[in-house]
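In: Sequence and computational prediction follow.
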There are 4 protein chains.
Amino acid sequence: MHVIIDLCVVPLGVGVSVSSQVAACQRVIQDSGLEHHMHAYGTNIEGPWEEVMAVVKRCHEVVHEMGAPRITTTIKLGTRTDRDQTMGDKVASVESKLSD
Amino acid sequence: MHVIIDLCVVPLGVGVSVSSQVAACQRVIQDSGLEHHMHAYGTNIEGPWEEVMAVVKRCHEVVHEMGAPRITTTIKLGTRTDRDQTMGDKVASVESKLSD
Amino acid sequence: MHVIIDLCVVPLGVGVSVSSQVAACQRVIQDSGLEHHMHAYGTNIEGPWEEVMAVVKRCHEVVHEMGAPRITTTIKLGTRTDRDQTMGDKVASVESKLSD
Amino acid sequence: MHVIIDLCVVPLGVGVSVSSQVAACQRVIQDSGLEHHMHAYGTNIEGPWEEVMAVVKRCHEVVHEMGAPRITTTIKLGTRTDRDQTMGDKVASVESKLSD
């Protein structure tokens, strides 16, 4: 099952800046080889369900290993069976409608 | 790794009522034996990471099998390493502060 | 426009425990007189759009006033024009399907 | 109060494709003049709280006017009082850590 997710990992108990932990998650995502796109409030990732979910779990493990005692994460997650659709397809579909 | 999640599964392409699909997810959750609590905008579930995530995946499989061509799901997901905490503990902690 | 939301306010930079800030938000919600239900990963609130959104903003103001330098909040928000539906209706609809 | 949000509006009861409604929301966002960035699972928007929230409400109004009887929206929403931070700052902060 192919999945497109939006992942936002928020460490608690590490002070007000969380960019070190977010960067560590980006490295996990990059190392996975999965297609991804970082934005200002999370990162889109796509691929096979198990691989994407393994990345999410690895992010929690890495951020805890960095010393964060608590993590709260938000995930949006989409699957479809009617047709293949990539992250790029989703954006292109909206942009095409916008340019009409 | 123990996890508490809030799960909200939304089928698309099945019309305006989604309660059949949500009920099917509730059955998946109940059958898992995991602690859970349904509210008006999702269901809290807690347990070991792999078991909870298997429930999420099974919900997507079941809702697609019911005929939904597309699903968009929102998950909030919390882990902590400083101490054990159940869903009941979280609510009790806030209610204790409220009654002070 | 009637709205049902699920609100989860997370203060950053206040340490690992956030129950004091969550309890303060609960007081804001209670004082609003709006229908609400707290669960382990947020609080359902329903009512007129402007009143509900004023509660969300007041929560941010109060939590900042308590000393939190940063807040990240997650909101699920539903509206419908086909019929009136309360939080209780949503839960009852699923429970009715479960008992069939 | 300056806010950065991530907005994902999902119409129900309009079939499996929702790109027309998402494009209509993009037009609302563009017309607002607020800084924004669309990605594959939502759109980042930043600006004064009231202006950003007016955009969210206008999106619901427009999508209902297009015929969607039901909408479920997910919003992530961040505020901070310790310093000014734009969407671009957030991404740059993580990318700077990544290039170290």
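Out: Perfect, thanks for sending it. Predicted, not measured: the structure shown is a model, and the values here were computed from it.
In: does A:His64 sit in a helix, a strand or a coil?
Out: Following DSSP: H, G, I helix; E, B strand; the rest coil, we place A:His64 in the helix state.
In: what's around it, how many residues?
Out: Residues near A:His64, counting by other C-beta atoms under 10 Å in any protein chain shown, number 19. C-betas here are computed from N, CA, C, even on glycine.
In: Could you find the closest non-adjacent residue to it?
Out: B:Thr81 (5.0 Å; C-beta to C-beta, 6 or more residues apart in numbering or on different chains).
In: and the one you found, what pLDDT?
Out: Looking at B:Thr81, its pLDDT is 96.
In: Likewise for A:Asp100?
Out: Per-residue confidence (pLDDT) for A:Asp100: 80.
In: Please tell me how far it sits from D:Ala24.
Out: 12 Å (C-beta to C-beta, to the nearest Å).
In: Which one's more surrounded, these two?
Out: The residue with more neighbours, out of A:Asp100 and D:Ala24, is D:Ala24; 22 against 6, by other C-beta under 10 Å.
In: how about whichever strand or helix holds that one as PDB, C-alpha atoms only?
Out: Using DSSP states H and E, D:Ala24 sits in helix D:19-32. Extracted C-alpha coordinates of helix D:19-32, given in PDB (Å, rounded to 0.1, in the frame of the first residue of the first chain):
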ATOM      1  CA  SER D  19      -8.500  19.300  -6.400                       C
ATOM      2  CA  SER D  20     -11.200  21.800  -7.500                       C
ATOM      3  CA  GLN D  21     -12.000  22.600  -4.000                       C
ATOM      4  CA  VAL D  22      -8.400  22.800  -3.000                       C
ATOM      5  CA  ALA D  23      -7.700  25.100  -5.900                       C
ATOM      6  CA  ALA D  24     -10.600  27.300  -4.800                       C
ATOM      7  CA  CYS D  25      -9.000  27.500  -1.300                       C
ATOM      8  CA  GLN D  26      -5.700  28.400  -2.900                       C
ATOM      9  CA  ARG D  27      -7.400  31.300  -4.700                       C
ATOM     10  CA  VAL D  28      -8.800  32.500  -1.300                       C
ATOM     11  CA  ILE D  29      -5.300  32.300   0.100                       C
ATOM     12  CA  GLN D  30      -3.700  34.100  -2.800                       C
ATOM     13  CA  ASP D  31      -6.400  36.900  -2.700                       C
ATOM     14  CA  SER D  32      -5.600  37.400   1.000                       C
END
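In: Which residues does it contact?
Out: Applying C-beta atoms under 8 Å, 6 or more residues apart in numbering or on different chains, the contact partners of helix D:19-32 are A:90, A:93-94, A:96-98, D:7, D:9, D:11, D:14, D:36, D:38, D:43, D:45, D:47, D:51, D:54-55, D:58-59, D:62-63, D:66, D:68.
In: buried sites along stretch A:9-24?
Out: A:9-14, A:18-24 (16 or more other C-beta atoms under 10 Å in any protein chain shown).
In: A:Val14: what secondary structure?
Out: With three-state DSSP as the basis, A:Val14 sits in coil.
In: From chain B, how far off is it?
Out: As defined by C-beta to the nearest C-beta, to the nearest Å, A:Val14 lies at a distance of 12 Å from chain B.
In: got a list of what the most centrally placed residue in chain A touches?
Out: Centroid-nearest residue in chain A: A:Leu7, 3.3 Å away (criterion: C-alpha atoms, centre = their mean). Contact analysis of A:Leu7 by C-beta under 8 Å, 6+ apart lists A:25, A:29, A:42-45, A:55-56, A:59, A:73-75.
In: got TSV for these, with secondary structure and distance to B:Thr86 too?
Out: Converted to TSV, these look like this (DSSP: H, G, I helix; E, B strand; the rest coil; distance: C-beta to C-beta, whole Å):
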residue	secondary structure	distance to B:Thr86
A:Cys25	helix	26
A:Ile29	helix	30
A:Gly42	strand	27
A:Thr43	strand	30
A:Asn44	strand	32
A:Ile45	strand	30
A:Val55	helix	27
A:Val56	helix	22
A:Cys59	helix	23
A:Thr73	strand	18
A:Thr74	strand	21
A:Ile75	strand	21
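In: closest to chain D among those?
Out: A:Asn44 (4.6 Å; C-beta to the nearest C-beta).
In: Near chain B, which residues of chain A are found?
Out: Listed as neighbours of chain B in chain A under the rule C-beta under 8 Å from any C-beta of the partner chain: A:1, A:13, A:49, A:53, A:56-57, A:60-61, A:64, A:69-82.
In: run the last query once more with 7 Å
Out: Residues of chain A found near chain B (C-beta under 7 Å from any C-beta of the partner chain) are A:1, A:49, A:53, A:57, A:60, A:64, A:69-82.
In: hmm, back to that, filter the contacts of helix D:19-32 down to the buried ones and hand me the PyMOL line.
Out: Of the contacts of helix D:19-32, the buried ones can be selected in PyMOL as follows, counting by 16+ other C-beta under 10 Å:
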select buried, (chain A and resi 90+93+94+97) or (chain D and resi 7+9+11+14+36+38+43+45+47+54+55+58+59+62+63+68)
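In: what secondary structure does the nearest residue to A:Val14 once chain neighbours are set aside sit in?
Out: Counting by C-beta to C-beta, 6+ apart, A:Val14 lies nearest to A:Ala68, which is 5.0 Å off, once chain neighbours are set aside. At A:Ala68 the chain is in coil, as set by three-state DSSP.
In: got a list of what A:Ala68 touches?
Out: Contacts for A:Ala68 (C-beta atoms under 7 Å, 6 or more residues apart in numbering or on different chains) come out as A:11-14, A:21.
In: Give me the pLDDT for it.
Out: pLDDT, read off for A:Ala68, is 98.
In: Look up how far B:Asp84 lies from it.
Out: 17 Å.
In: Then A:Tyr41?
Out: 30 Å.
In: which ones are touching A:Val63?
Out: By C-beta under 7 Å, 6+ apart, the neighbours of A:Val63 are A:9, A:11, A:21, A:24-25, A:71.
In: Neighbour count: A:Tyr41 and B:Asp84, which is higher?
Out: In this view A:Tyr41 and B:Asp84 are compared by other C-beta under 10 Å, and A:Tyr41 has more residues nearby, 27 against 7.
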